[in-house]
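Asks: The following block contains a protein sequence and its predicted model.
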Amino acid sequence: MEKRYAVAQLDELSPVPCPCGQARRAFAEPWNSLATVHLTEISRDSRPHFHKAMTEIYVVLEGEGHLEADGEIIPLKPLTTVMIRPGCQHRAVGQLKILNIPMPPFDPTDEFEADGTPSLLRPSE
């Protein structure tokens with residue numbers, strides 16, 4: 001019988017570069033169409049961007065900073081949780097460790113610069 005659960009040890013996953021630092025991404029499996037979970041270390045201010053289809057939930061674990069969302073400044077500290085809906089232009093600022101829960105699962109083709117240019121086209125950071 002196929003397992004109906006999945007387990008990930010986030011701190012043991014290999015980090016991958018992302019626009020705001022490094023992310024350890026769990027549950028990016030072909031069978032999963034619901035959500036992924038990322039342990040993300042925000043080590044540099046990210047560029048403003050948005051997603052057309054994806055909703056993200058940020059849960060701050062460590063650090064302080066802020067989220068710029070559609071022109072508003074949202075202070076971030078441990079246990080602050082923010083839901084970012086499709087179309088919301090956003091960027092994280094500060095030294096933070098967060099859980100990011102993208103729904104549906106993270107898709108790099110659904111990340112766009114503020115001007116609407118796909119983020120995949122920008123030079124590597």
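Replies: That came through, no problem. Residues are numbered from 1 along each chain as shown.
Asks: Read off the pLDDT value for the residue of the chain most remote from its centre.
Replies: Outermost residue of the chain with respect to the C-alpha centroid, by C-alpha atoms, centre = their mean, is residue 1; its distance is 32.9 Å. If you check residue 1, the pLDDT there is 82.
Asks: For the spatially most central residue of the chain, which non-adjacent residue is closest in space?
Replies: Taking C-alpha atoms, centre = their mean, the centroid of the chain lies closest to residue 100, which sits 4.7 Å from it. With C-beta to C-beta, 6 or more residues apart in numbering as the criterion, residue 100 has its nearest non-adjacent residue at 4.3 Å, and that residue is residue 38. For glycine as for every other residue, the C-beta is placed from the backbone atoms N, C-alpha and C.
Asks: ok, now which ones touch the one you found?
Replies: Going by C-beta atoms under 8 Å, 6 or more residues apart in numbering, residue 38 touches 23-26, 99-102, 106.
Asks: Okay, buried residues for stretch 110-124 please.
Replies: By neighbour count with 16 or more other C-beta atoms under 10 Å, stretch 110-124 contains the buried residues 110-113, 119.
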